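>>> structural data only, the sequence is not supplied:
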Ligand code: AR6
């Protein structure tokens, strides 16, 4: 069973096998975690993302799915890009947010990443309420593939860290 850790910090500084990127369907970068990963990972990351767009992902990465690239100049070996759902108060997209976590861990197992860091997917630009996102994320990673030994949530700000800690118990 994977160990679940919560830390406060910057995901780009984590020395784990794979970092999960809170990306978007374009795979071509953006702000928040995505911007930081592309900035610090360097041009190798976006080059592989462009290759994915030219190949199997010509219509982009569907929400809830995940795909791996190199981590370029980051300490991690891989970046697993996942496209979170945009929060909606009228439509329940919880299953898609859970899919992001499950599919990221499935990809981690496929590529041989045993240690994986997640940000609080969808809680920034995509406005998902943190308490709900924390419940969904922690629940979704509870049945990780056996080959994944460590799952570290890297929470950027104190309030997000505190809410994840409360939900984790
Ligand atoms: N390390 C860890 N967490 C971070 C970092 C960091 N370096 N930077 C921000 N956060 P967001 P989303 C936190 O907006 O809501 C992008 O433009 C942030 O405080 O990165 O899934 C993409 O291209 C928040 O708690 O991701 C997409 O278009 C959490 O990470 C869109 O934003 C997620 O915030 C995705 O939006």
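Received, thanks. Because the structure is predicted, anything quoted here is derived from the model rather than measured. Numbering: from 1, shown residues only.

>>> what residues are up against residue 126?
Neighbouring residues of residue 126 by Cβ atoms under 8 Å, 6 or more residues apart in numbering: 22, 84-87. No exception for glycine: its C-beta is placed from N, CA and C like everyone else's.

>>> three-state assignment of it?
coil (DSSP: H, G, I helix; E, B strand; the rest coil).

>>> likewise for residue 22?
Residue 22 falls in the strand class when you classify it by three-state DSSP.

>>> distance check, the closest residue to residue 86 other than its chain neighbours against residue 81.
The shortest distance from residue 86 to any residue other than its chain neighbours is 4.7 Å, reached at residue 126 (Cβ to Cβ, 6 or more residues apart in numbering). Counting by Cβ to Cβ, to the nearest Å, the gap from residue 126 to residue 81 is 15 Å.

>>> what do you get for residue 160?
The span separating residue 160 from residue 81 equals 21 Å under the rule Cβ to Cβ.

>>> and residue 9, by the same measure?
Distance, residue 9 to residue 81, using Cβ to Cβ: 20 Å.

>>> quick check, pLDDT for the spatially most central residue of the chain.
Centre of the chain computed as the mean C-alpha position; nearest residue by Cα atoms, centre = their mean is residue 20, 3.1 Å away. For residue 20, the model assigns a pLDDT of 99.

>>> that one contacts residue 117, correct?
Yes - assessed by Cβ atoms under 8 Å, residue 20 is found in contact with residue 117 at 6.6 Å.

>>> and residue 48, how close does it get to the ligand?
Note on residue 48: its distance to the ligand, by Cβ to the nearest ligand atom, to the nearest Å, is 16 Å.
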